[in-house]
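Participant: What shape does this take:
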Amino acid sequence: MCAAWEAVEKSGFPMAKTAKVFGKFQIRLVLHLLDKEVKGREGTKYESFEDIKNRFEDDLLQADKETAAVSAPEAKAVSSQSVKSLMDAKDTQAIALAAHKHIQLGKLYVHKKEKEETKVWKLTGFIDGGAKFVHKPFFRAAEEITVLHSDWNDWKEYKKPEPELVSHEVSGALLPCSSKGLDDEMARAQAQWELYEKCKELGDPSVLVSNQGQVFASQKVAKGKLCLLPMGSLQLVGESKLMKGQVYIKCGNLGSHHVYVIHAFKCDFTKETGIFSPFSFVKQATNDEEGTMAKQMVKHGSLQIPCYVNKKQVEKGTRLFLDPPEPDTTASKKRKVVK
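Facilitator: The predicted model follows:
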């Protein structure tokens, strides 16, 4: 082996070529000693060490030929490449940053062992051998620590906003007694109560329903005596944001009023759960003869509530249909208001 290495050094060939030749020579020797040459990558069995030595010399000559065949530009490009070693590097900070991509100036971090992430630290600067981290408690002075390069793996980036107290001006304006939102909610609750109150006043309507959602009169009812109110939870909306088909009520006078969309209660006849609101089940008729219910407005307290009222006498078993929509006309028609 010593003689072989001397031959490599004396050859003057590039190490990229001779190292591969010398490596193969070593592997062949070891496999020959273990009698496992046929299991090697080459699968060639040599009779003696002399044969292996001869093969090495042949490979070295072949490396000489390949080196000579390299063109001048390629040879220049290869020679210009320098071998870089971390041992020769003097900028330890650059090496540490290259190895820890998540460490960046100005970002937030928490220690991996901090389960609840109660302490959030900000990387404020780099120093020799590490970095400065600062934590700002809400009611105490800021804390500063130095985290060495070797400990950077113990820190992970904090993706949420930096913890800070909300200003008193902002939080104070949103407290229940100061917030306009509470006034709106109280007004909505009052409107909700008045809607329930009117429903209680009218009592349950005389209707039957099928499991297909068809609504029928359960007895003979004189004209104008069957009134169906919409029932559901109220949601305050801007009048300009109302969508076609939404059922809504108005609360207040014409000068100042709120608009609430009614989200109908759900019910399940099979499970016997929820609240059954017949108003939501009545379908629109396809012609005037089929229609039995007309849309009107009923007042109660500060509310103007849409409702369906039978426009003619209905017999028991009559299916209830809302009048078909009126054709578009330039002249607007006022709805009849009943008390």
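
Participant: hey, what's the closest residue to Q235 other than its chain neighbours bridged with?
Facilitator: Nearest residue to Q235, sequence neighbours excluded (C-beta to C-beta, 6 or more residues apart in numbering): V261, at 4.9 Å. To be clear about C-beta, it is placed using only N, CA and C from the backbone, and glycine gets the same treatment. Taking DSSP bridges as the rule, V261 bridges to Q235, Y248.

Participant: Run a quick neighbour tally on L108.
Facilitator: By other C-beta atoms under 10 Å, 17 other residues sit near L108.

Participant: And for the one 4 residues further on?
Facilitator: The local packing of K112 (other C-beta under 10 Å) involves 10 other residues.

Participant: next one: T292
Facilitator: T292, neighbours per other C-beta under 10 Å, totals 22.

Participant: wouldn't it be in contact with V314 here?
Facilitator: Yes. With contact defined as C-beta atoms under 8 Å, T292 reaches V314; the gap is 5.6 Å.

Participant: I figured L195 hits L303, correct?
Facilitator: Yes. L195 lies in contact with L303 (C-beta under 8 Å); the separation is 6.5 Å.

Participant: between these two, what contacts are shared?
Facilitator: I249 (C-beta atoms under 8 Å, 6 or more residues apart in numbering).

Participant: Where do the strands of the stretch 151-300 of the chain begin and end?
Facilitator: Assigned strands in the stretch 151-300 of the chain, in chain order: 155-157, 207-209, 215-217, 227-228, 232-237, 248-252, 257-264, 267-268, 273-274, 283-284, 293-300 (criterion: DSSP state E, counting those that start in this stretch).

Participant: and the first one, average pLDDT?
Facilitator: Put plainly, it is strand 155-157. Strand 155-157 carries an average pLDDT of 95.

Participant: thinking again about what came up before, kindly reformat the strands of the stretch 151-300 of the chain as TSV containing distance to A189.
Facilitator: Listed next are the strands of the stretch 151-300 of the chain as TSV, based on distance: least, C-beta to C-beta, whole Å:
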stretch	distance to A189
strand 155-157	45
strand 207-209	29
strand 215-217	30
strand 227-228	24
strand 232-237	9
strand 248-252	11
strand 257-264	11
strand 267-268	23
strand 273-274	21
strand 283-284	32
strand 293-300	16
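
Participant: okay if I get those strands as JSON lines plus distance to Q62 and mean neighbour count?
Facilitator: Putting the strands of the stretch 151-300 of the chain into JSON lines (distance: least, C-beta to C-beta, whole Å; neighbours: other C-beta atoms under 10 Å) gives the following:
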{"stretch": "strand 155-157", "distance to Q62": "53", "mean neighbour count": "15"}
{"stretch": "strand 207-209", "distance to Q62": "96", "mean neighbour count": "16"}
{"stretch": "strand 215-217", "distance to Q62": "97", "mean neighbour count": "21"}
{"stretch": "strand 227-228", "distance to Q62": "100", "mean neighbour count": "21"}
{"stretch": "strand 232-237", "distance to Q62": "86", "mean neighbour count": "16"}
{"stretch": "strand 248-252", "distance to Q62": "92", "mean neighbour count": "20"}
{"stretch": "strand 257-264", "distance to Q62": "86", "mean neighbour count": "18"}
{"stretch": "strand 267-268", "distance to Q62": "86", "mean neighbour count": "12"}
{"stretch": "strand 273-274", "distance to Q62": "88", "mean neighbour count": "10"}
{"stretch": "strand 283-284", "distance to Q62": "92", "mean neighbour count": "13"}
{"stretch": "strand 293-300", "distance to Q62": "99", "mean neighbour count": "17"}
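
Participant: Which one, of those strands, ends up nearest to K20?
Facilitator: Nearest to K20, of all these, is strand 155-157, at 42.9 Å by C-beta to C-beta.

Participant: which parts of the longest helix along the chain are buried?
Facilitator: Counting by DSSP state H, the longest helix found in the chain is helix 180-202. For helix 180-202, burial by neighbour count (16 or more other C-beta atoms under 10 Å) applies to 187-188, 191-192, 194-195, 198-199.
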